[in-house]
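Chemist: coordinates only, sequence not included:
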Ligand code: SF4
């Protein structure tokens, strides 16, 4: 996993609530058996018409907006547990998703793939969303070490699990750690009430 | 202070705590399917890691498979590739596999319980959000992403922070025509699609206790639709009776011992939940959804709300535009062209019986395409043994072979763009049943009545 420390970028506004992982990557694109290439179909049905022509009014097709930070309405990533949603966002080039609320499994999947979910207050989200829609050139800074997000003099701090923070900053993942405690897991198994 | 059911099961599985908030949680059973496992197997291979506890895994293809002619090779090349990868990986890593045609094959969340793999007090995971289904037995069961699938493969453990606990109590007697699906759609409509995020839910109360195991699974299955990590119900005699005699369930003395342990799995009287909700069964009526998340449900006789408190006006309008409905409108009388009965929410034998019982001697409306997809080979076999296949066929329903099917439309079973489908599945997201499809979630009884009437009706007027 690649390290995440600080991201300074323009941001892409997606002011919808309850964006589910079926919208992020529709099921019919889940047939691949590797992790790469999902970015092409990110938000497929919002981004393209059925004849594959781009939908002019969708933000990813609007050249005014770009950047590695996605700003979305509350309850982002609900629904299916498909990690492909995190892969698609990452593969497309996003490194941070900002929302006022994230679905649990999506949040975990994002953190396991070097995509940082930044949960902010409703008020901050509203201010940020409005600003980047009106002034697409606005730069947003996300600083993981200090756990802060800022733009145009507005600043807010965000929570991140301390263990996950370490992992992101160092580019470690859970599997390395779990494999390293194999003896303890085996000892646990011997005494567990396994019925 | 007493412990909740959730605490009891969780605490029994903590290998160690690594910092204030993160536990190493031991996983008793791991279910896998073809869509979320190939990258996890690759991960093991890339890192040169062995599979830590292959005997705790079970695999089956379900999401991507055709529901017609399963004895023939899969036509769609990508689907075939994915299913073949599952077969290859299971052969290579020596994992128990119930492939197409195997008498135990089916939707992962249907086969776990029916084979006796799902047991009270166990921790269970699967790379699928509806793993919450297994909580109906008093197990801690939740969906995980593919990176976590790889973690469990490599260590039989996951790093998890303990969620908060919520109790939802439903007391009283259920109204006529109200099934488990209506209970859960009612709860989600009240609490919203994000109302359970961060929580693990325990369902209790006399209305829940009165339900069969299959109905309890329907409730726990949809916990994820309000954002909860999972749902659980304390095991009781109904649970023990269901488990006894199943393929992999403990037998004779071991079963007695297990039951003695399972009987300790309930929330203590003085246990404290982070959140509590109470519902009166008398308030629950047959439900249907009108929008693009499962929280957008109404009583079938009711009207679409003018606005939704939990949602911004923009998001609400976008959702209704997609569905082609207006705020304040009633759904009664809306013509429906597709009815889908299936998915891990409602594809068990009791669901098929409910449908067959209603449609017996009736015919579906001519303009409706009605598809019924059993959850597993065993459900299919049982349905045929009971003659349900004939009843359904005579009523004009198409009984397919087991799989996820039109629940997510990864195979050919899709609802056409713009068409309405009354579906017993669990998600009404945009395009869930095929690009442009419009899904209305409902119980198997509502689905059966809709198929016969060809439109949405107040089903209570049509019950025998
Ligand atoms: S039936 Fe639907 S919800 Fe259930 S596992 Fe299959 S795709 Fe997922």
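Modeler: Nice, thanks for sending it over. No experiment lies behind these values; they were computed from the predicted model shown.
Chemist: which ones are touching the nearest residue to residue B:20 once chain neighbours are set aside?
Modeler: In space, not counting the residues next to it along the chain, residue B:20 is nearest to residue A:162; the distance is 7.6 Å by Cβ to Cβ, 6 or more residues apart in numbering or on different chains. For glycine as for every other residue, the C-beta is placed from the backbone atoms N, C-alpha and C. Neighbouring residues of residue A:162 by Cβ atoms under 8 Å, 6 or more residues apart in numbering or on different chains: B:19-21.
Chemist: Which of the residues you listed scores worst on pLDDT?
Modeler: Lowest pLDDT among those: residue B:20, with 70.
Chemist: That one - how many residues pack around it?
Modeler: Using other Cβ atoms under 10 Å in any protein chain shown, residue B:20 has 9 other residues around it.
Chemist: And for residue B:459?
Modeler: Using other Cβ under 10 Å, the number of residues around residue B:459 comes to 25.
Chemist: quick one: low-confidence ranges for chain B?
Modeler: Across chain B, the ranges flagged by pLDDT under 70 are B:464.
Chemist: Go through it and flag its longest helix.
Modeler: Determined from DSSP state H, the single longest helix within chain B is helix B:77-93.
Chemist: Which other helices and strands does that one contact?
Modeler: The contact analysis (3 or more Cβ pairs under 8 Å, 6 or more residues apart in numbering or on different chains; DSSP states H and E) places helix B:77-93 against helix B:38-47, strand B:96-97.
Chemist: Show me which positions of that helix end up buried.
Modeler: Using 16 or more other Cβ atoms under 10 Å in any protein chain shown as the burial criterion, the residues of helix B:77-93 that qualify are B:78-83, B:85-86, B:89-90, B:93.
Chemist: would JSON lines of those residues with distance to residue B:403 be doable?
Modeler: Formatted as JSON lines, these follow (distance: Cβ to Cβ, whole Å):
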{"residue": "B:78", "distance to residue B:403": "16"}
{"residue": "B:79", "distance to residue B:403": "11"}
{"residue": "B:80", "distance to residue B:403": "14"}
{"residue": "B:81", "distance to residue B:403": "17"}
{"residue": "B:82", "distance to residue B:403": "13"}
{"residue": "B:83", "distance to residue B:403": "11"}
{"residue": "B:85", "distance to residue B:403": "17"}
{"residue": "B:86", "distance to residue B:403": "13"}
{"residue": "B:89", "distance to residue B:403": "19"}
{"residue": "B:90", "distance to residue B:403": "18"}
{"residue": "B:93", "distance to residue B:403": "23"}
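Chemist: returning to that earlier point: can you check which of the helices and strands packed on helix B:77-93 gets nearest to chain A?
Modeler: helix B:38-47 (3.8 Å; Cβ to the nearest Cβ).
Chemist: is any part of whichever helix or strand comes after the closest one close to the ligand?
Modeler: Next helix or strand after helix B:38-47 toward the C-terminus (DSSP states H and E): strand B:57-59. No: if you take Cβ under 6 Å from any ligand atom as the test, strand B:57-59 misses the ligand, and the best it gets is 13.9 Å.
Chemist: counting contacts, what elements does strand B:57-59 pack onto?
Modeler: Using 3+ Cβ pairs under 8 Å, 6+ apart as the contact test, the elements touching strand B:57-59 are strand B:29-32, strand B:96-97.
Chemist: what sits up against it?
Modeler: Applying Cβ under 8 Å, 6+ apart, the external contacts of strand B:57-59 come out as B:29-33, B:37, B:51, B:86, B:90, B:95-98, B:111-112, B:115, B:117, B:153.
Chemist: what are the pairing partners of that strand, and which direction each?
Modeler: strand B:29-32 (parallel), strand B:96-97 (parallel) (DSSP bridges).
Chemist: Can you say which of the ones you listed is packed in most?
Modeler: Among the strands paired with strand B:57-59, the stretch with the highest mean neighbour count (mean count of other Cβ atoms under 10 Å in any protein chain shown) is strand B:29-32, at a mean of 25.
Chemist: Not counting that one itself, show me its contacts.
Modeler: Counting by Cβ under 8 Å, 6+ apart, residues outside strand B:29-32 touching it are B:40, B:56-60, B:86, B:95, B:108-109, B:112, B:117-118, B:122-128, B:131, B:149, B:152-153, B:156.
Chemist: Go ahead and list the helix or strand containing residue B:374.
Modeler: Short version, using DSSP H and E: residue B:374 is in no helix or strand.
Chemist: For it, which residues are in contact?
Modeler: Taking Cβ under 8 Å, 6+ apart, we find residue B:374 in contact with B:106, B:342, B:347, B:352, B:380, B:383, B:399-402.
Chemist: Go through those residues and flag which are in helices.
Modeler: In this view, the contacts of residue B:374 that belong to helices under DSSP H are B:352, B:380, B:383.
Chemist: just so I have it, where are all the helices in the stretch 151-300 of chain B?
Modeler: Along the stretch 151-300 of chain B, the segments classed as helices by DSSP state H, counting those that start in this stretch run B:180-191, B:206-209, B:213-221, B:237-243, B:252-262.
Chemist: out of these, nearest to residue B:71?
Modeler: Each of the helices of the stretch 151-300 of chain B was scored for nearness to residue B:71 using Cβ to Cβ, and the closest is helix B:213-221 (27.9 Å).
Chemist: Which residues does that closest one contact?
Modeler: Residues from elsewhere that reach helix B:213-221 (Cβ under 8 Å, 6+ apart): B:109, B:113, B:130, B:132-137, B:141, B:179-181, B:183-184, B:203, B:208, B:211, B:230-233, B:238-239, B:242, B:344-346, B:348-351, B:426.
Chemist: one step back: now distance to residue B:13 too, for the helices and strands packed on helix B:77-93, in a markdown table please.
Modeler: Converted to a markdown table, the helices and strands packed on helix B:77-93 look like this (distance: least, Cβ to Cβ, whole Å):
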| stretch | distance to residue B:13 |
| --- | --- |
| helix B:38-47 | 21 |
| strand B:96-97 | 22 |
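Chemist: just the ones you listed: most buried one?
Modeler: When you average the neighbours per residue for each of these (mean count of other Cβ under 10 Å), helix B:38-47 leads with a mean of 19.
Chemist: what comes into contact with it?
Modeler: With Cβ under 8 Å, 6+ apart, helix B:38-47 has contacts from A:33-35, A:83, A:175, B:32, B:50-51, B:82, B:85-86, B:89, B:92-93, B:127, B:146-147, B:149-150, B:153-154.
Chemist: re the thing from before, could you list which of the contacts of strand B:57-59 also contact the ligand?
Modeler: Within these, nothing lies near the ligand by Cβ under 6 Å from any ligand atom.
Chemist: Could you check which residue of chain A lies nearest the ligand?
Modeler: residue A:80 (7.1 Å; Cβ to the nearest ligand atom).
Chemist: which residues touch that residue?
Modeler: A:20-22, A:27, B:128-129, B:408, B:427 are the contacts of residue A:80 under Cβ under 8 Å, 6+ apart.
Chemist: neighbours around residue B:398, how many?
Modeler: Here the number of neighbours of residue B:398 (other Cβ under 10 Å) works out to 14.
Chemist: May I have the beta-bridge partners of the closest residue to it other than its chain neighbours?
Modeler: Nearest-residue entry for residue B:398: residue B:371, 5.1 Å, with adjacent residues in sequence omitted and distances by Cβ to Cβ, 6+ apart. Note on residue B:371: beta-bridge partners by DSSP bridges are residue B:340, residue B:398.
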